[in-house]
Each structure stands twice: as C-alpha cells, then as structure tokens.
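Student: no sequence on this one, just coordinates:
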C-alpha cells in the first residue's frame, strides 16, 4: 500500500519483544514439541516440525458465500499451476504468462452514471464528476456475482489516496499564504477517496462497465456512515455534526479489504491519521496512533470557515478543541475513523457501517477464518505499520450457515460483528502463539489489568494499539493482508518489510533491516487463545546471502515486500508485491505470483514451506508497468477471469490493451485501473 510519510517507531513506545527476536530463537530451536493443540499435520521447516491443520472446511477468501464442508471436496488441493513462470519486466506495460491476455477496465475517472462527464485528459473534471466516477488509486477489491454463471456482477474497489498533480491540471491551487484556496479542488480530492461499487458484465468475451446501473455508487471521504459496536452512541464520538455519536462522515485511505460469509464487502481504513490535525495537546490515543500537530496530509482543513463551506465539511479535519464541550467542535472527529467498514453492494439504498468492535487502528486487510456451524466467526486484520500488531476478532454469536443466504445483510453484520472479543497476537520462540484478549480483566505485562488504564471496552477499542502494548503483543514487520487456505484452514499473512528494525529481532521477524519481507502462517488451536505458527516464504533477491535468501528464490520468483494476498477456492495462493527493495526493483516491476501451499507435501504427507528444493512451485504470473504497485485481487466463480489493480503507475495506460507499451517519448496522464486477465482459450486462470 502507499508508503507512509511518518516514522511508526515514534508511536509504539512499548518494550514488547519484537517478532524478529522471537524468530531467531525459534529457528535455533531445532526440535520442539507442540502438544495439546489438536492440530493434525506436521510441517517441515528448516529441519524442525510445525503443526498444520487438515480440515476440509472451505472459507475461501474470494467467494462471497463460503460453504459448509462438502464430502465431494478433497482435503488436499488438486490444483496444479499450468503456466510457466515469466521473467521480470521493466516497461510501461503489463506482462502476463504465455497464453493469457490483459486489458484495462474501470480506470480512475470512468463515469458510473450520466451525472459525470467523461474523463478529461487535461484534468478539468469537477468535484461532481469525481463523486460519480471511479475513484483514484485502486487498491483492494472483490467481485460479487449477480448470476450463477458469474458473467455478471458487482466489483467493489477501494481507492486509497490521491495524486494531486494528476488530479488537478496545474497541481493544487494555493493563496499567497500557501493555503488551499479552491473549494472544488478539495471536494474533488475528498470524492476521489473511498470505494466504488460498479456493475460489470461479460459481453462477447470482454468485460465492460454497465453505466447508469442502479447498483453503481460511490462512498467517498464525505459520505455519511453509521457507527456500530462498542463506540456507537458513546461520548468518544460526539461531534457538532453527530451529537449522539451515531454517525461519521467519510472513509479514508481505503487500502486492503475483505468480505463476509453473508455477502457484504469490507473496506479497511489504513493511514487515516494523517488526514487530521490537533494543534493543541494530543490525547494519549492520538499520540499512540500518530495524529499530526502541524498540518493535514492534503491541507483540507485550510478551507475551514470559507463562506461556501457546507456543514463544516473542511473544519472537521481540525480536531483541536475549540469549544466548551465536544458537542461544539470536532475534537472527536478522528475518533470516527480507523475501522472496518461494511458495505452491502447488492442493496444500493443501504448505508455503510463502521464496525468498531473489530478494533481501531491502521487496518490493512480483514479476512474471516475457517467457518464451522455452531462456532464463532473469526476475522483477522493487520495493523500496517512498522512494529505494529496482528489482531483477531471472535464473534459472540455462533455461525449459522443459513445466514450465508441472508437478504438483510447489514442486520446479519450486526449479529456477528458488533459483539465479541478482540485479541492481539503474541508469538513465542517455540512455534506456539497466544491470542491475548483485549478486555478489562486482561493482565498487563506489569501484573495489573487493562481496567487500571481503561474504564470501558469502548476506551480500549479507541486506543487498540495502546491496549495491545500493555498486554505484551509482538511488534511485527508491517502486518498486512491475510488469507485462509480453503483446504487446510491455515491462515497466511504478509509482513511487507521493516527497514527500521536495526537492533532487535524476534522469531516471527528474524531479519534486521528487513527490506524484503516474508509471509507467515498459523493454525488455530483447540482454544480461542492458542495457535501454532511458522514462516512460509522469505522475500529476497536471487543473489541474497544465506541469511537473506532463506527460501532459495531464483530469478523466476525473486520478490520483495509481499503485500496483497488471496486464496482462490481451488487452493491457489496469489501473492502481490509493493516493492521496497532496489535489489529486486532493478530486475522487475511489482508483480503477482502464485503457489499452491496445500499440494506441497513430502513423502510422509507433511506440509512444506518454500525452500531451495521446492521454490520452483512459486511462479511469477503477472508484472505491472513502471512505477506501479500491483494490488487487489478478485476472481469470478468459474475461475475464467482474474481482476488485479494497478495503483500509481508512472506512464500508463497508453490504451485499453494493458500489455501495449507506451511509445518512446509519449507521456500519458497516469490512471490507476483494474486489469482483466483471461486465458486465451477461455479456460480457468492459473491451471
């Protein structure tokens, strides 16, 4: 996701043992015993074992209505990658495996209805145009089918942030004092954020946007959203706009995503703190999460008090207390951000809901775990900053498979996402992990309880990261997207990188100055607080030394900074990158690779991690154009179409044919876009 402009090491002041220290000790312990967790398979890693899960429950991360176990589905994936790994690419075009074609769909500025003018290459589209068009910098997404064939559906697309130079013809306008001065420019920026819901349909073998469809709509940085869970109607959310604390305006920095078993979309608010400023004294939670005391990311607050301002649309980004109480100012405005936001794409009249029970931090992805009838629904989410944490939410309500067919999806979300227990992960060197509950009676590292620091669950949620510090969670190397293997139930998580790790490591984050990142995985234990873990693959350049290239990668699969992550229902794991290392960047642009973890077994049937002997099973499938990040993954129910997003390209797309490079000397206005990838023979993608 987009590079943060702050140093996250400023905010986590805890002395909790970091992941890389734990991992170093973990690797040095060649033989360890993991008893009593009820897991059923052993995984070999660097000469020692790891317990894995062999459940056949299907909780695919790409299907909107996961099913209960099917006796006809084997408990080991039968998928075999049917393409050859491609070389790296450094062009103003995408590259894809032989036998496949790619083209552009729904780029930034694509009108969703007739209220919007067509995209203007000169940049003179209005704020109203932007409110009715695809947003900027596509990120996480999901496809929701409208028919059984899967050739007609709704694509939900996140829009993480903006490029002001591309959004405005001559860049943002400022007055003599350097402050923002054009209201329509700022409104256009706010409208370029958020989420797009767009209907797409396969016609004559080509996907196209269905303009003016009733499902098409935008959620922007100004859209009114409901609040649910522990913080709803609390004094922490009281503002001049919403005195009862029931609503918030807008969703910002929408990066990773997820979906629910009942068919709704989850968008994640990541680097939202930079949009707000407190020019007074920061509260404890504001300091911990990283609010600014000097200014906002794009200067939206500078138009506060303008005669044409509507309902404090700009003033709300300045959270400095200025009235006798919270009902008279916007000191709590930022408290309405930092959540998982639920959207029902099928109901165009529904309002988005912020699910506060899942924690308040810089959310990256949000994926649900293995579904079991009569058991809680579990969601996983990473806090995407250096030295931050991995979280799990477990619902109080128990899963009822009939809810997969719910027609009142937001009400079903209320059932499973408003009440439950939030946990944070602690990784131990013996390969055992512990989920630490964030409740008032949770014991802190100094022998007290969270009740000594917080007076309610709402207060804990408001400062989730601060509470996690106190109970001793493990600081990680930027935990981002998670996904669940549909055959084993094992959860995989990308740890993108951490170049600030200079003096301490832990078992799950073993490398100092970690430029390349890695993917970790774990299996839940017999209780809600137990899990076992190991590292699946280390990112590295091909010429990395023994400590760097621990997975034995070659030029056909070297990668850095794993980011986007998604299993499809066939058991193929798709890995996307946001390069943070020159050693790999010099060879290839950001990419998407594929691997089938559940098929990687030894002669004894034990699950394997990626190593020098089997690394060829990790294949490079797709490479993006110069300057971009490859992010967001969706797949149709018949597996014949994959959608991937190209964010912040440098000089692309030249045409609707994504694989056509820009002619030398020709500069185009860069547009983030979704890329459609299909097999030339119409078959399933990947096999």
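Tutor: On my side now, so go ahead. Computed from a prediction, not measured in an experiment: that's the story for all the values here. Numbering: from 1, shown residues only.

Student: and after the least confident helix or strand in the chain by mean pLDDT, which helix or strand comes next?
Tutor: Using mean pLDDT, DSSP states H and E, strand 48-52 stands out as the lowest-scoring helix or strand of the chain, at a mean of 29. Next helix or strand after strand 48-52 toward the C-terminus (DSSP states H and E): strand 95-96.

Student: for that next one, the distance to its chain's centre please.
Tutor: 24 Å (CA atoms, centre = their mean, to the nearest Å).

Student: tell me what it is packed against?
Tutor: If you count contacts as 3 or more CB pairs under 8 Å, 6 or more residues apart in numbering; DSSP states H and E, strand 95-96 packs onto strand 619-623. For every residue, glycine as well, the C-beta is placed using N, CA and C.

Student: which strands border the helix or strand in which residue 200 is found, and is each parallel or antiparallel?
Tutor: Under the criterion of DSSP H and E, residue 200 resides in strand 194-203. Strand pairing for strand 194-203, determined by DSSP bridges: strand 152-159 (antiparallel), strand 206-209 (antiparallel), strand 217-219 (antiparallel).

Student: most tightly surrounded among those?
Tutor: Among these, strand 152-159 has the highest mean neighbour count (mean count of other CB atoms under 10 Å), at a mean of 26.

Student: avg pLDDT for it?
Tutor: If you average the pLDDT over strand 152-159, you get 98.

Student: buried stuff in the strand holding residue 200?
Tutor: Neighbour counts over strand 194-203 (16 or more other CB atoms under 10 Å) mark 194, 195, 196, 197, 198, 199, 200, 202 as buried.

Student: and which of the residues you listed is nearest residue 179?
Tutor: residue 194 (24.6 Å; CB to CB).

Student: re the thing from before, of all the buried residues of strand 194-203, which two lie farthest apart?
Tutor: Once CB to CB is applied, those give 194 and 202 as the farthest pair, at 26.2 Å.

Student: from the centroid of the chain, which residue is nearest?
Tutor: residue 256 (1.9 Å; CA atoms, centre = their mean).

Student: residues contacting that one?
Tutor: 1, 139-140, 158, 268, 270, 363-366, 382, 384, 480-481, 564 (CB atoms under 8 Å, 6 or more residues apart in numbering).

Student: now which of the residues you listed would you call buried?
Tutor: Members of the contacts of residue 256 classed as buried by 16+ other CB under 10 Å are 1, 139-140, 158, 268, 270, 363-366, 382, 384, 480-481, 564.

Student: any idea how many residues pack against residue 510?
Tutor: Neighbours of residue 510 under the rule other CB atoms under 10 Å: 24.

Student: ok so, going back, what's the mean pLDDT across the strand holding residue 200?
Tutor: Average pLDDT, strand 194-203: 98.

Student: also stretch 645-664?
Tutor: 95.

Student: now swap in stretch 253-272 and tell me
Tutor: 98.

Student: ok, back up a step: closest to residue 469 out of the contacts of residue 256?
Tutor: Among these, and counting by CB to CB, the member closest to residue 469 is residue 382, at 16.1 Å.

Student: for the closest one, which non-adjacent residue is closest in space?
Tutor: Of all residues not flanking residue 382 in the chain, residue 479 sits nearest, at 3.0 Å (CB to CB, 6 or more residues apart in numbering).

Student: now residue 173
Tutor: Once flanking residues are discounted, residue 173 sits nearest to residue 182: 4.5 Å by CB to CB, 6+ apart.

Student: what's the separation between the one you found and residue 188?
Tutor: For residue 182, the distance to residue 188 equals 9 Å [CB to CB, to the nearest Å].

Student: the two - which one has more neighbours?
Tutor: Legend: neighbour count by other CB under 10 Å for residue 182 and residue 188, higher for residue 188 (23 against 15).

Student: doesn't residue 126 make contact with that one?
Tutor: Yes - with contact defined as CB atoms under 8 Å, residue 188 reaches residue 126; the gap is 6.8 Å.

Student: which residues touch the closest residue to residue 147 other than its chain neighbours?
Tutor: Setting aside the residues directly before and after it, residue 147 is nearest to residue 153 in space (CB to CB, 6+ apart), at 7.7 Å. Residue 153 sits next to 143, 144, 145, 146, 147, 199, 200, 201, 636 when contact means CB under 8 Å, 6+ apart.

Student: run a quick neighbour tally on the third one.
Tutor: Neighbours of residue 145 under the rule other CB under 10 Å: 18.

Student: picking up where we left off before, would you list the strands paired with strand 194-203 in a markdown table and tack on distance to residue 523?
Tutor: Converted to a markdown table, these look like this (distance: least, CB to CB, whole Å):
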| stretch | distance to residue 523 |
| --- | --- |
| strand 152-159 | 29 |
| strand 206-209 | 37 |
| strand 217-219 | 35 |
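
Student: nearest to residue 262, out of those?
Tutor: Nearest of those (CB to CB): strand 152-159, 14.7 Å.

Student: need the next SSE after the closest one, C-terminal direction.
Tutor: In the C-terminal direction, the helix or strand that comes right after strand 152-159 (DSSP H and E) is helix 164-167.

Student: what pLDDT is listed against residue 26?
Tutor: At residue 26, pLDDT is 64.

Student: oh, I was asking about residue 337
Tutor: For residue 337, the pLDDT comes out at 98.

Student: I'd say it and residue 248 touch.
Tutor: Yes - assessed by CB under 8 Å, residue 337 is found in contact with residue 248 at 6.8 Å.

Student: the two: which is more packed in?
Tutor: When neighbours are counted by other CB under 10 Å, residue 337 and residue 248 differ, and residue 248 comes out ahead with 28 against 23.
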